[in-house]
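Visitor: Would you be able to build a 3D model of this:
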Amino acid sequence: MPAIRHSSKRKPPPEGFSDIEDDLLIFANKMKDAQNKPPPPGPKHQAQWEVFQIAHQRSRYVYELYYNKEAISKQLYEWLLKNGYADAMLIAKWKKAGYETLCCLRCIQTKETNFNSTCICRVPKSDMKGDQDIQCVSCGCRGCATDD
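Guide: Residues are numbered from 1 along each chain as shown. Here you go, the predicted structure:
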């Protein structure tokens, strides 16, 4: 998360930022801890899972404050997106039907998969055969289909 700099060129945060600043600081500290932690033993693709999950939680926090709870103003919401406190592209997908619980954008990009389809975590659990324990290779999600 970018450091907050107060200079004459940058606009100060809009009113209401001080109310959520502590929560955003907690996310920033979690992110620093996750980035400084040594990679877990095992496959390389698991090293960034915690960073993805914290970024998702922070974006979901901002999304819920604005859309569900209506606790922040539009100016503050746009300022948070502009300054990198939330992922604007992910939030744009959450607003569309069928993507309300999407874990990350990589899971819907068909170019990065072997069979030009979405990630396994996007398949509803009711459509899975047997008791398969699935986990996304990109972000570690265990299922983000809306029908779950």
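Visitor: after the helix or strand residue 27 falls within comes which helix or strand?
Guide: Assigned by DSSP states H and E, residue 27 belongs to helix 17-36. Scanning forward in sequence from helix 17-36 by DSSP H and E, the next helix or strand is helix 49-63.
Visitor: can you state the direction angle for the very next helix or strand once past that following helix and helix 17-36?
Guide: Once the chain leaves helix 49-63, the next helix or strand it forms, by DSSP H and E, is helix 74-82. Orientation of helix 74-82 against helix 17-36 (axes from the mean of the first three to the mean of the last three Cα atoms, to 10 degrees) gives an angle of 20 degrees.
Visitor: Quick check: buried residues in helix 74-82?
Guide: Buried residues in helix 74-82, defined by neighbour count with 16 or more other Cβ atoms under 10 Å: 76-77, 79-81. Backbone N, C-alpha and C define where each C-beta goes, glycine included.
Visitor: and which of these is nearest residue 11?
Guide: Nearest to residue 11 out of the buried residues of helix 74-82 is residue 79 (Cβ to Cβ; 7.6 Å).
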